[in-house]
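Participant: Give me a 3D structure for the following:
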Amino acid sequence: MTVQSRDFKQVIVMRHDLNMRRGKQIAQGAHASMAFLSSRLKVSGAVSMNDFDEAAHAWLSGGFAKICCRVDSESELLAIRDLAIEQGLEVHMITDSGKTEFHGVPTNTCLAIGPAESSKIDAITGELKLL
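Facilitator: You can find the predicted model right below:
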């Protein structure tokens, strides 16, 4: 199967139990999605298309497909993270500092998985409800 015939995406998994304001959810999801690129910038100071694997290259060259799903607890979020890591997928957890919500307590709000082949992410997140 060629790269062109496969689907690639990034999935954002958001904690629904926190009852975040919609704007806060959007900001946290954006942080998660951007962490894929910013983590590389922090390491090397620059990013080139040559820095990415086949899946990331295909995703960046395509439509940046993102799906937003939800979990109902931190333990579910952590379980999804652990499973994705076990399966060799790139995962970026977002921990909010708590300055505007969460009463000053740092709080795991969401994570991004991928970009990767859709079928690999679906094996982990395919049963989650959409946000």
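
Participant: Does K120 belong to a helix, a strand or coil?
Facilitator: helix (DSSP: H, G, I helix; E, B strand; the rest coil).

Participant: Which single strand of this protein contains the most residues?
Facilitator: When the chain is parsed with DSSP state E, its longest strand is strand 107-117.

Participant: And the average pLDDT for stretch 8-22 is what?
Facilitator: If you average the pLDDT over stretch 8-22, you get 97.

Participant: Could you pull out the buried residues of that stretch?
Facilitator: F8, K9, Q10, V11, I12, V13, M14, R15, H16, L18, M20 (16 or more other CB atoms under 10 Å). C-beta: built from backbone N, CA, C; applies to glycine.

Participant: which residues are contacting the helix or strand bottoming out on mean pLDDT in the chain?
Facilitator: Across the helices and strands of the chain, mean confidence by mean pLDDT, DSSP states H and E is lowest for helix 54-61: a mean of 89. The contact list for helix 54-61 (CB atoms under 8 Å, 6 or more residues apart in numbering) reads 3-4, 6, 8-10, 36, 49, 52, 65, 90, 114-117.

Participant: Tell me which residues of that helix come out buried.
Facilitator: A55, A56, H57, A58, W59.

Participant: go on, stretch 119-131?
Facilitator: For stretch 119-131, using 16+ other CB under 10 Å, the buried residues are K120, I121, D122, I124, T125, L128.
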